[in-house]
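Peer 1: My questions concern the predicted model and sequence given below.
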Amino acid sequence: MAPNMAPNKEGAVQLKISGYDVQFPFKPYASQLGVMSKVLKAADNGENALLESPTGSGKSLALLCSALAWQERWKSDRAKGRGGGSVKIDDDGWIMERDDRNATAPTPEEADGTQHDNTQP
């Protein structure tokens, strides 16, 4: 599904991806749309994402534009009293620390989704 695209007079594009308003400097490649969608989904879920795309496909720009869109929504939601968890923000709007994540690092088995039998006969 292609996102809504509204170009402005400078050629930049306002994209609507997964409900986010993403500013992009030109019409994105399909691979960039995929990267932005995955970044937004991972950020929404508080997850990491491993993204691969060939050299020169615009991963860095797609990552930056989608991360900025997520941050803008997050700040807006916080200002309206919605969501955000226990996050402390400085006067310039930078996230200082998060108190809502008490998770420990996963074991190697949890990380790779396998169970290992370490017993030897």
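Peer 2: Yep, that arrived. Here the structure is a predicted model, which is why all the values come from computation and not from measurement.
Peer 1: where does this structure have low pLDDT?
Peer 2: Across the chain, the ranges flagged by pLDDT under 70 are 1-9, 82-89, 93, 95-121.
Peer 1: And the helices in it, which stretches?
Peer 2: 30-45, 59-79, 108-112 (DSSP state H).
Peer 1: Format these as a markdown table; extra columns: distance to residue 13.
Peer 2: Every C-beta, even on glycine, is put in place using the N, C-alpha and C of the backbone. Shown next, in a markdown table, are the helices of the chain (distance: least, Cβ to Cβ, whole Å):
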| stretch | distance to residue 13 |
| --- | --- |
| helix 30-45 | 11 |
| helix 59-79 | 10 |
| helix 108-112 | 37 |
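Peer 1: closest to residue 16 out of the ones you listed?
Peer 2: With Cβ to Cβ as the measure, helix 59-79 is the member of those nearest residue 16 (9.9 Å).
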